[in-house]
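**Student:** sequence unknown, structure follows:
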């Protein structure tokens, strides 16, 4: 078959363009609009076409195609397919001799196309092709994966251009007749030889498997396909294989999965943040505005008890809003990295006592027993303000979920963790407790636990998220032990002062 004027083309369906990946015999743009080109017509029909000048002229007159370049005397093209869908074409044409090609040439072209399609899909190469050496070499050297073929002793018979480059060889002569033992570590070469012996003895291909090769002291990962080559008597005479370096793809995939997870967390965090603003912040402000309007408009007509009730509601809403704003601002500062732990040695016992004193009035109004169990000289190395926020939030949480006549215990003691001295503090209540599922998501803002207290106290759950952030910044840990209708214990550790 005359290949003096020959090209391989692919269609970009998204852009509706034709890409010329290889051409011989004339010059052409690498990419041009598909529109009504003869190549696009062939790809769209997904059928092989042998057409002479009269047929081309008729298609032009019927406005089925448009002339691009010179009109050929004879035009022969076959589709390149992937999963039976045309993705490109192989075309030969002749501008001088309309008898240059005949019907039987279509079979040869389709044979070539089937092999190119298999190579494009990077799965396997079935057997030695019957196409001309020039076309085969052109195709093989343009495939972006390693292709090699060997005899029954696993000696190389040939490789494509990218294989030579990867092995730092100048010519195919440098590899023909040699084996993997001449280029790779002995253990690797023995493994490759064992694979190839199994393939040749069984007559079955081994496809899409991953193997490692030590290259320049670094392990590289390859996805490999190996197939037996048969002669006309169905005897195995060697193997043909492809090998693609997927090391960077592997790294990229791991990095993408990591980034995807981080982006999901960030997106969930952002959504939760706006939810807190839109719901937990707006609602109490709206309540304050509503009740203050009632007081302003009707204060002269309202009973003193009613005024006191409205004032109490406004006060509670304002206090809740203030606390939430504080937590939101603190949490935001943590997220953008503008707040860091300023660690110092201080007596934790004094801080715990101070925070316990701060909630005495709330505890008394709810008739809750508040006990403490820690020595006077427990000292930690941490950010004092952060630890105060942690303690305050955990105490408020315990009060909120402990019913009247319940008990809250604050205890702290020295423990050893992996040979390191730590101070473990526990705030334990006899409140309503939580399920295992709620405990699991307690410190995640995208799943944060929101529930009304035993006296219907409001809460956003952000305080616990903030506690977790602050604990991490102080190299500590926090955990929760909880049973429904029994109570909860929030336990956190901090580094003991040296």
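**Tutor:** Great, that's in hand. In this text the structure is predicted, and so the values were computed from the model without any measurement. Residues are numbered from 1 along each chain as shown.
**Student:** What's the local residue count around residue 422?
**Tutor:** 19 (other Cβ atoms under 10 Å). Any C-beta I mention is one placed from the backbone N, CA and C, and that applies to glycine too.
**Student:** Residue 351 looks like it's in a strand, true?
**Tutor:** No: counting by DSSP: H, G, I helix; E, B strand; the rest coil, residue 351 is located in no strand; its state is helix.
**Student:** so who does it touch?
**Tutor:** 384, 387, 388, 391 (Cβ atoms under 8 Å, 6 or more residues apart in numbering).
**Student:** how close does the closest residue to the second one other than its chain neighbours sit to residue 363?
**Tutor:** Closest residue to residue 387 in three dimensions, ignoring its sequence neighbours and counting by Cβ to Cβ, 6 or more residues apart in numbering: residue 351, at 6.2 Å. Distance, residue 351 to residue 363, by Cβ to Cβ, to the nearest Å: 18 Å.
**Student:** Residue 77 too?
**Tutor:** 87 Å.
**Student:** So for these two, which residue has more residues nearby?
**Tutor:** Regarding residue 77 and residue 363, a neighbour count based on other Cβ under 10 Å identifies residue 77 as having more, with 24 against 18.
**Student:** The more buried one reaches residue 86, doesn't it?
**Tutor:** No: if you go by Cβ atoms under 8 Å, residue 77 and residue 86 don't touch, sitting 10.6 Å apart.
**Student:** got any residues that touch both of the two?
**Tutor:** With Cβ under 8 Å, 6+ apart as the test, residue 77 and residue 86 both reach residue 42.
**Student:** Can you classify residue 139 by secondary structure?
**Tutor:** Put simply, residue 139 is helix when judged by three-state DSSP.
**Student:** which ones are touching the closest residue to it other than its chain neighbours?
**Tutor:** With Cβ to Cβ, 6+ apart as the criterion, residue 139 has its nearest non-adjacent residue at 5.6 Å, and that residue is residue 116. Residues in contact with residue 116 (Cβ under 8 Å, 6+ apart) are 8, 80, 90, 139.
**Student:** what ranges do the strands span in the stretch 201-350 of the chain?
**Tutor:** For the stretch 201-350 of the chain, applying DSSP state E, counting those that start in this stretch gives strands covering 206-215, 218-230, 236-245, 344-347.
**Student:** helices and strands around the helix or strand harbouring residue 413, which ones?
**Tutor:** Using DSSP states H and E, residue 413 sits within strand 407-417. Judged by 3 or more Cβ pairs under 8 Å, 6 or more residues apart in numbering; DSSP states H and E, strand 407-417 is in contact with helix 348-358, strand 369-373, helix 384-401, strand 420-429.
**Student:** Nearest to residue 97, out of those?
**Tutor:** helix 384-401 (87.3 Å; Cβ to Cβ).
**Student:** pLDDT of the closest one, averaged?
**Tutor:** Averaged over helix 384-401, pLDDT sits at 88.
**Student:** try stretch 87-96
**Tutor:** Stretch 87-96 comes out at a mean pLDDT of 92.
**Student:** now do stretch 185-194
**Tutor:** If you average the pLDDT values across stretch 185-194, you get 89.
**Student:** Please identify the buried residues of that stretch?
**Tutor:** For stretch 185-194, the neighbour count (16 or more other Cβ atoms under 10 Å) marks 188, 189, 191, 192, 193 as buried.
**Student:** Name the nearest residue to residue 229, sequence neighbours excluded.
**Tutor:** Excluding its sequence neighbours, the residue lying closest to residue 229 (Cβ to Cβ, 6+ apart) is residue 238, at 4.5 Å.
**Student:** and that neighbour, how many neighbours does it have?
**Tutor:** 20.
**Student:** Kindly provide the distance from it to residue 137.
**Tutor:** 18 Å.
**Student:** which of the contacts of residue 116 tops the neighbour count?
**Tutor:** For these, neighbours tallied by other Cβ under 10 Å; top is residue 90, 26 neighbours.
**Student:** Phi first, then psi, for it.
**Tutor:** With angles defined as degrees, to the nearest 10, residue 90 sits at phi -110, psi 130.
**Student:** and it, what is it in contact with?
**Tutor:** 6, 7, 8, 77, 78, 80, 109, 112, 113, 116.
**Student:** now those residues in JSON lines, with pLDDT and secondary structure?
**Tutor:** Shown next, in JSON lines, are those (pLDDT from 0 to 100; DSSP: H, G, I helix; E, B strand; the rest coil):
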{"residue": "6", "pLDDT": "90", "secondary structure": "strand"}
{"residue": "7", "pLDDT": "90", "secondary structure": "strand"}
{"residue": "8", "pLDDT": "91", "secondary structure": "strand"}
{"residue": "77", "pLDDT": "94", "secondary structure": "strand"}
{"residue": "78", "pLDDT": "94", "secondary structure": "strand"}
{"residue": "80", "pLDDT": "92", "secondary structure": "strand"}
{"residue": "109", "pLDDT": "90", "secondary structure": "helix"}
{"residue": "112", "pLDDT": "86", "secondary structure": "helix"}
{"residue": "113", "pLDDT": "88", "secondary structure": "helix"}
{"residue": "116", "pLDDT": "82", "secondary structure": "helix"}
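**Student:** I'm done for today, thanks for sticking with me.
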